[in-house]
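>>> sequence first, then the predicted structure, then my questions.
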Amino acid sequence: MSRYLIYLISLLIPVSASSHPVDPDRIYIEFKNDGSFEINFRSNLEAKLTGITPEHEDSKESPNSRQYDHLRQVTPDHLLEKIKSFEPELRRSMNLYFDKERASLNLTKIDIPDTGDLKEGRISTLTYKGEIPSKASYASWSLARENGSNIVYMTHEGEKNRFFDWTYSGETSTSFRLNELVKKKSLTKIMTEYIVFGFEHILPRGLDHILFVLGLFLLIQSWKPLLWQITAFTLAHSVTLALTIFGYMQISPSLIEPLIAISIVYIGIENIFSRRLHWVRLLVVFLFGLLHGMGFASVLTNLGLPDYAAGTALISFNIGVELGQIAVVGSASLLTLPVQNKPWFRERIVIPASLAISSVGLFWFIQRVL
């Protein structure tokens with residue numbers, strides 16, 4: 001038992017943190033008919049003030065996590081003074097280009113919501129305005145690398161269709177042509193983008209989902225029982241993902257996130273006491289899959305779906321999630337393949353790993369509730 005404890009502690013050290021990562025900034029740019037533009041920069045400004053980016057798996061990875069937690073609790077008036085001091089530095093990291101020429105941004109408004117659910121990041125909005133150069137033919141956007149990934153939306157005034165692009169740390173977005181209406185992306189383009197988004201939500205960003213899938217793998221490593229479990233999980237999360245995205249059901253993340261943590265605890269504990277797949281396990285995996293689907297939906301809601309191809313985007317995102325899960329299981333299978341038939345495999349690998357998975361899930365449950 002002592003070696004299990006040492007193994008557990010070594011695994012817990014890098015993950016003893018909040019499971020609520022900072023969402024990427026969302027930048028809404030509207031090009032107006034009078035030759036001006038308006039930018040609504042929506043961001044977790046408390047995270048900005050303390051140097052925490054979407055590249056952190058969670059806020060506790062930062063040495064400034066205590067300061068961040070404090071700022072999340074202060075009133076808008078108190079936070080406003082800090083933002084005013086920090087804003088010029090943030091503005092210098094924003095780059096709106098017209099034909100590769102950087103535009104001047106004029107801050108016109110700061111909107112800070114009241115302190116709400118501390119389990120969720122507070123999203124404030126900075127509004128900027130400026131003039132479009134008369135001969136400009138296209139626009140593009142970038143945000144300095146230290147701000148992490150961000151999603152930019154561009155559109156003409158009065159137009160329903162929006163161009164959007166996910167730009168990674170320091171990258172420049174795809175160019176937006178000012179003299180054309182926003183063209184609908186091809187279905188191939190949408191499928192490719194959303195498959196990538198779904199995959200990335202598992203690898204590398206979905207640590208709780210990774211642990212759940214690893215728990216499924218550890219019960220028994222042969223593909224047939226593993227396939228039964230993954231199929232049950234996939235069917236379930238596909239149902240709630242669709243129902244949540246299209247507005248047929250809505251449950252607060254403050255309830256869903258602790259329940260997802262409990263699902264991780266359960267799977268790990270059952271692995272310790274069970275040696276084979278039971279039908280009850282499939283039922284439980286299906287029920288927990290319903291919860292995980294709601295978790296996936298919160299990510300996809302933040303990203304948004306194109307109005308003209310919402311179904312295609314949703315299915316593609318789901319495919320990406322499945323590919324991510326397959327990658328997790330495939331990697332685990334390859335790593336353990338040389339020792340899976342050893343008589344000590346269960347004692348030295350399955351039980352300690354399952355204990356570690358359950359303990360991390362329990363830690364997250366307590367943290368998410370508190």
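Looks like it arrived, so ask away.

>>> hang on, residue 275 is in a helix, isn't it?
No: using DSSP: H, G, I helix; E, B strand; the rest coil, the assignment for residue 275 is coil, not a helix.

>>> report the contact partners of it.
Residue 275 is in contact with 220, 346, counting by C-beta atoms under 8 Å, 6 or more residues apart in numbering. C-betas here are computed from N, CA, C, even on glycine.

>>> try residue 72
Contacts of residue 72 by C-beta under 8 Å, 6+ apart are 46, 115, 118, 121-122.

>>> ok, which stretches of the stretch 101-250 of the chain are strands?
For the stretch 101-250 of the chain, strands defined by DSSP state E, counting those that start in this stretch occupy the ranges 101-102, 106-111, 124-131, 138-143, 150-156, 163-167, 176-177.

>>> Throw those strands into TSV and include mean neighbour count and distance to residue 367, thanks.
Converted to TSV, the strands of the stretch 101-250 of the chain look like this (neighbours: other C-beta atoms under 10 Å; distance: least, C-beta to C-beta, whole Å):
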stretch	mean neighbour count	distance to residue 367
strand 101-102	10	42
strand 106-111	13	30
strand 124-131	18	25
strand 138-143	21	30
strand 150-156	22	27
strand 163-167	19	28
strand 176-177	17	41
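
>>> between those, which gets the lowest average pLDDT?
When those are compared by mean pLDDT, strand 163-167 comes last with a mean of 81.

>>> got the CA coordinates for that strand in PDB?
Extracted in PDB, the C-alpha atoms of strand 163-167 (Å, rounded to 0.1, in the frame of the first residue of the first chain):
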ATOM      1  CA  PHE A 163     -16.400  35.300 -40.300                       C
ATOM      2  CA  PHE A 164     -14.600  33.700 -37.400                       C
ATOM      3  CA  ASP A 165     -11.200  32.400 -36.800                       C
ATOM      4  CA  TRP A 166      -9.400  30.700 -33.900                       C
ATOM      5  CA  THR A 167      -6.000  32.300 -33.700                       C
END
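
>>> of the strands of the stretch 101-250 of the chain, give the one that comes closest to residue 349.
Residue 349 sits nearest to strand 163-167 of all the strands of the stretch 101-250 of the chain, at 37.3 Å, using C-beta to C-beta.

>>> tell me the contacts of residue 263?
By C-beta under 8 Å, 6+ apart, the neighbours of residue 263 are 212, 288, 291-292, 361.

>>> of the strands of the stretch 101-250 of the chain, which is nearest residue 343?
strand 163-167 (48.1 Å).

>>> residue 211 touches residue 357, doesn't it?
Yes: at 5.0 Å, residue 211 counts as touching residue 357 under the criterion of C-beta atoms under 8 Å.
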